[in-house]
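# Below are the sequence and a predicted model for it; my questions follow.
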Amino acid sequence: MNVLTLSEFRKEKTDKVLELAPIKIISDGQPIGFFGKLEDFMYIGDLHPRVKIQLRAKEELARQGMPKNDIRVSYLEAQKETQAGE
């Protein structure tokens, strides 16, 4: 997942930001939101508490093999990485 600061996120044009999605948006080193395609996200805040627990447990199982740390990159670095993969 790409990580951008709030100021970097606001500076870039919409079409350029869409290429980098999903993005974790941070401010003062703290995550404040996520940006991506609507079909890639699921809001669990209004679900029954038991369902929330089940979904979080399944997410933990799915993420066991994934890297733990997010890598903070600038917009230009992330753009270079996405173009190199094409």
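Yep, it's here.
# C-alpha from now on. contacts and neighbour counts both.
Fine.
# which residues touch residue 27?
5-6 (C-alpha atoms under 8 Å, 6 or more residues apart in numbering).
# That one pairs with what?
Beta-bridge pairing of residue 27 under DSSP bridges involves residue 30.
# Beyond the longest helix seen in the chain, next helix or strand please.
Looking across the chain with DSSP state H, the single longest helix is helix 49-62. The C-terminal neighbour of helix 49-62 among helices and strands, as given by DSSP states H and E, is helix 75-84.
# tell me which residues of that following helix are tucked away?
Going by neighbour count (16 or more other C-alpha atoms under 10 Å), the buried part of helix 75-84 is 75, 78.
# now that helix, how far from the centre of its chain.
Computed by C-alpha atoms, centre = their mean, to the nearest Å, the chain-centroid distance of helix 75-84 equals 16 Å.
# Name the residue most distant from the centre of the chain?
residue 50 (25.1 Å; C-alpha atoms, centre = their mean).
# what pLDDT does it get?
What the model reports as pLDDT for residue 50 is 95.
# repeat for residue 6
At residue 6, pLDDT is 91.
# isn't it right next to residue 25, touching?
Yes. The criterion here is C-alpha atoms under 8 Å, and residue 6 meets it with residue 25 at 5.8 Å.
# okay, these two: which has more neighbours?
Neighbours per residue, other C-alpha atoms under 10 Å: of residue 6 and residue 25, the larger number sits with residue 25, 20 against 16.
# doesn't residue 4 make contact with the more buried one?
Yes. At 5.2 Å, residue 25 and residue 4 qualify as touching, with contact defined as C-alpha under 8 Å.
# Distance from the longest helix of the chain to the middle of the chain?
19 Å.
# Offset the numbering so it begins at 20, please.
I'll keep to 20 as the first residue from here, and by that count the last item is helix 68-81.
# contacts for that helix?
Residues contacting helix 68-81 (C-alpha under 8 Å, 6+ apart): 63-64.
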